[in-house]
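A.B. asks: Got a predicted model here, sequence first, then my questions.
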Amino acid sequence: MNAAVIVAAGRGARMGLERNKVLYPLCGEPVIVRTARAFSESGLFDGGIVAVTGACDLDEMKRMLEEAGLAVRAVVEGGADRQESVYRGILACDPAADIIAIHDGARPLVTRGVIERTIESAKAHGSGVASVPLKDTVKRVDASGCVVETPRRDDLRAVQTPQTFDAALIRKAHERFRAGGADGQRATDDAMLAEWMGHTVHLTDGDVENIKLTTPEDMLLAGQVLIRRGEAKKEETTMRIGHGYDVHRLVEGRRLILCGVEIPHTVGLLGHSDADVAYHALMDALLGAAAMGDIGRHFPDNDMQYKDADSGKLLDHVVALLREKGYVVGNVDVTIIAQKPKLKDYIEAMRENIAAHLRIDLDCVNVKATTTEKLGFEGECLGISAHAVACIERA
């Protein structure tokens, strides 16, 4: 009987995400759904599939898998590190399983052929680990960065998952590791645990397309692979444009904050939050481009949690919402309309703040200020308004 453990308890830090990357969409479908489907539809796992994730993601992952019609044996909470998470997944497997495949949840492009080869090897040799030849020359260096050895490239392999083992072997390897049998060494994969048991690990042919999604570039590459395979449609429209506008009254006793920069002035902007009118217009432009309403919907002015809130933090939340929907920011253009004070000395600091929040290059951010020649409420110094235009693109 074959069982599978899909490990998906990591976060999305290197991808610039605020939550588990496998919950994000890849060509319109969550990464974890694509990964689990590859195993489920392979027809190779009569012992079922166990998914392992963080405590905060348990309910959402269960919901995603159920909505996709994917039946798994269990979704269990992971541990403090990968090895602990794998061990918990192994414990949740059917005790009758004699083969266990362990796979990264962030490798959704794995094929039936790759999986099957690891299973056949595990049945014959006790282990089967997907791998591919290296394309680049590898150098071993010392602490100062000087080369001390150039291993023969033909003798090296880049190891992937699944890593599949005789169930008794991998259970014993994990139990020995937990008991301190590794002499304080750090394991980087499950094959290393089997090696420490004295087992000779057998490698099988993997697939160069069986990439692990680690950076935003990996997501783009994976999308192209799915399109080439005919498993996803190319988006006809990858770019969207939004416009935002906001205005706040100038009053005494308030700070004047524009694009996160506090500007010395005799009056400041009145509002429920810090009243950063430029950031508010920018947020509305971003939300509008993604058809996600406006800031009033997401940050209502009768909600006390937003009382005097830092608009930069609200902007961070908007960027996270865009990423959840599969968008990244391309470029933005902000116009601030104020008779006083003069803003030219603060423009560069404003641009830098926006670029940092949006995680884009500085040359993708434009901020300009203008007056109304003393016409209207801005010209009479009663208030300040701002317009913003934003371009977003499919991640």
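C.D. replies: Cool, got the structure. What you see is a predicted model; the values in this text were computed from it and never measured.
A.B. asks: give the contact list for the residue nearest to Thr372 when sequence neighbours are not counted.
C.D. replies: Excluding the flanking residues, the one nearest Thr372 by C-beta to C-beta, 6 or more residues apart in numbering is Gly379, at 4.1 Å. In short, each C-beta sits where N, CA and C put it, glycine included. Contact analysis of Gly379 by C-beta atoms under 8 Å, 6 or more residues apart in numbering lists 339, 371-373.
A.B. asks: And the strands in the stretch 51-200 of the chain?
C.D. replies: With DSSP state E, counting those that start in this stretch as the criterion, the stretch 51-200 of the chain has strands at 74-77, 99-104, 127-133, 140-141, 147-149, 157-166.
A.B. asks: Looking at those, spot the one closest to Leu286.
C.D. replies: Among those, the nearest to Leu286 by C-beta to C-beta is strand 99-104 (31.9 Å).
A.B. asks: Dig out what Ile336 forms beta bridges with.
C.D. replies: According to DSSP bridges, the residues that bridge with Ile336 are Ala369, Ala386.
A.B. asks: okay, now Met292: neighbour count?
C.D. replies: As a burial measure, Met292 scores 17 neighbours (other C-beta atoms under 10 Å).
A.B. asks: same thing with Lys135?
C.D. replies: Look at Lys135: counted by other C-beta under 10 Å, it has 8 neighbours.
A.B. asks: Repeat that for the one 4 residues further on.
C.D. replies: Other residues within reach of Lys139 by the criterion other C-beta under 10 Å amount to 12.
A.B. asks: quick revisit: can you tell me how far the residue nearest to Thr372 is from Glu373?
C.D. replies: Gly379 sits at a distance of 6 Å from Glu373 (criterion: C-beta to C-beta, to the nearest Å).
A.B. asks: Ok, Ile115 next?
C.D. replies: 70 Å.
A.B. asks: Have a look at these two and say which one is more surrounded.
C.D. replies: Between Ile115 and Glu373, Ile115 has the larger neighbour count (other C-beta under 10 Å), namely 26 against 9.
A.B. asks: check contacts around the more buried one.
C.D. replies: Applying C-beta under 8 Å, 6+ apart, we find Ile115 in contact with 38-39, 42, 44, 101, 162, 164.
A.B. asks: What is the nearest of the residues you listed to Ala8?
C.D. replies: Ala8 has its nearest neighbour among the contacts of Ile115 in Phe39, at 12.1 Å by C-beta to C-beta.
A.B. asks: Give the full set of residues in contact with the closest one.
C.D. replies: Applying C-beta under 8 Å, 6+ apart, the residues contacting Phe39 are 4, 6, 45, 49, 101, 103, 110, 115.
A.B. asks: quick one, helices of the chain?
C.D. replies: For the chain, the helices defined by DSSP state H occupy 31-40, 58-67, 82-92, 112-125, 167-178, 190-196, 216-229, 277-289, 295-298, 311-324, 347-358, 376-379.
A.B. asks: List the buried residues in the last one.
C.D. replies: Think helix 376-379. For helix 376-379, the buried set under the neighbour-count rule, 16 or more other C-beta atoms under 10 Å, comprises 377-378.
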